[in-house]
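# Return atomic coordinates for the entry below.
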Amino acid sequence: MFYSDAAPSIKLACREVGWRQNTSVAYVSKSNAVAERNLRSVLEGTRVNLEQAGLHHSYWSYASRHWCMAHNIQDHPEIKSPWELRFGEKFKGRIIPFGARIDYRTEPKLKPKKD
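Got it, this is the predicted structure:
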């Protein structure tokens, strides 16, 4: 289910990919409460990510993507996560907080063998 306003371009895109769409009625705030609440959650989560990491607002787009992914893979004992509902299994990757310092090494270049 995809929830959005009734914009023609979004309706067309949903039809092309085969998604069901639930739409809100323009200028009727009760009909778009679900979308507004989800948007508020993303905005609040993004602000918290930036504040806790101590990063400048220019990292907003990264903080927003991180929050959405973290929300989708969250582990809860009673509810299946959106990740689990889509892929049929729990997220198996590492869960890294936003703004964490990550050091990595690239593998040394291999010297070509003569023979």
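# In stretch 38-52, which of the residues would be classed as buried?
Residues of stretch 38-52 classed as buried under the neighbour-count rule (16 or more other Cβ atoms under 10 Å) are 45-46, 49-50. From N, CA and C alone the C-beta is placed, and that goes for glycine too.
# now swap in stretch 81-92 and tell me
Quick answer for stretch 81-92 (16+ other Cβ under 10 Å): 81, 83-84, 91.
# that's a helix at residue 14, yeah?
Yes: using DSSP: H, G, I helix; E, B strand; the rest coil, the assignment for residue 14 is a helix.
# so how far is the lengthiest helix in the chain from its chain's centroid?
Longest helix in the chain by number of residues, with DSSP state H as the criterion: helix 33-53. In this view, helix 33-53 has its centroid 11 Å away from the chain centroid, taken as Cα atoms, centre = their mean, to the nearest Å.
# swap in stretch 47-63?
On Cα atoms, centre = their mean, the centre of stretch 47-63 falls 15 Å from that of its chain.
# Now that stretch: average pLDDT?
Averaging pLDDT along stretch 47-63 gives 94.
# in this structure, which ranges drop under the pLDDT threshold?
Applying pLDDT under 70 to the chain picks out residues 1, 24-31, 115.
# where along it do the strands fall?
Secondary structure of the chain, counting by DSSP state E: strands at 2-4, 21-23.
# Out of those strands, flag the one nearest residue 33.
When the strands of the chain are compared by Cβ to Cβ, strand 2-4 sits nearest residue 33, at 10.2 Å.
# That closest one pairs with which strands?
Strand pairing for strand 2-4, determined by DSSP bridges: strand 21-23 (parallel).
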